[in-house]
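K.L.:
Kindly return the folded structure for what I paste below:
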Amino acid sequence: MKYRVLTLAVALLALGAASAEIHRWVDKDGNIHFGDTIPPEYANQNGNGDSAEQTQSSPAGLPAGHAEEIERRREAARQQEADRILLKTYLSVEEIEAVRDDRIGQLQSGDYVTERYIERLNGQLAELETAAIEYAAANSEPGQPAELPENLERDILSTRASIKNYEGRLEASRADQARIRQKFESDIARFRELKGLPPESEPAG
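P.N.:
As a prediction, this is how the structure comes out:
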């Protein structure tokens with residue numbers, strides 16, 4: 001029984017400590033202190049003549065503001081690693097541009113094939129729709145249009161769906177090319193900065 005009471009007391013104390021607010025104050029000698037409560041003489045004013053600060057504990061148990069500093073350092077570390085990889089991967093701006101052009105060129109080659117296939121599908125669709133018009137003209141009665149044969153209607157719907165599908169692929173490929181250009185432009189600018197090279201000159205108007 002005593003063990004249970006002691007355990008409960010410890011748990012309550014831990015819960016209270018986890019949810020407690022952390023206060024910051026500066027004493028008359030300019031020393032910064034943190035604690036659960038502020039001494040009465042520093043309740044309204046600290047040693048610098050400013051109002052005493054009350055800060056909430058961050059998830060890591062740090063005063064507010066420290067979390068932002070930690071995130072800033074993490075971002076700096078991520079940038080440092082990205083710079084290291086960039087310099088290790090490429091030896092020159094021309095090499096970066098060659099890789100960029102190769103990736104875009106591959107996508108553009110696929111686009112060419114897709115565009116030709118869409119043209120062929122559009123031709124097939126035009127023939128199917130012409131056949132549907134001719135069938136309706138030959139088999140319709142006044143006020144009662146003829147129903148298209150099931151296979152003709154199916155082929156029209158299937159061809160339209162294929163055209164829409166390939167047009168979507170073409171649009172996605174062009175969006176990928178735009179992202180690649182933007183990414184490599186950023187890499188080239190950063191590479192020039194790290195290597196101490198002058199910025200790329202603007203093309204003559």
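K.L.:
In what element of secondary structure is the spatially most central residue of the chain found?
P.N.:
Centroid check for the chain by C-alpha atoms, centre = their mean gives Arg179 as the closest residue, at 11.8 Å. For Arg179, the element it lies in under DSSP states H and E is helix 150-195.
K.L.:
got any ranges where this protein has weak pLDDT?
P.N.:
1-25, 27, 29-36, 42, 44-65, 202-205 (pLDDT under 70).
K.L.:
just the strands in it please.
P.N.:
With DSSP state E as the criterion, the chain has strands at 22-26, 32-35, 53-55.
K.L.:
follow-up on the earlier one: which elements pack onto the helix holding Arg179?
P.N.:
With contacts taken as 3 or more C-beta pairs under 8 Å, 6 or more residues apart in numbering; DSSP states H and E, helix 150-195 sits against helix 66-89, helix 93-139. Where C-beta positions appear, they are placed from N, C-alpha and C, glycine not excepted.
K.L.:
Kindly calculate the angle that that helix makes with helix 93-139.
P.N.:
Helix 150-195 and helix 93-139 are oriented at 170 degrees to each other (axes from the mean of the first three to the mean of the last three C-alpha atoms, to 10 degrees).
K.L.:
roughly how far is helix 150-195 from the heart of the chain?
P.N.:
Distance of helix 150-195 from its chain centroid, counting by C-alpha atoms, centre = their mean, to the nearest Å, is 18 Å.
K.L.:
ditto for stretch 128-146
P.N.:
From the chain centre to the centre of stretch 128-146 is a distance of 52 Å (C-alpha atoms, centre = their mean).
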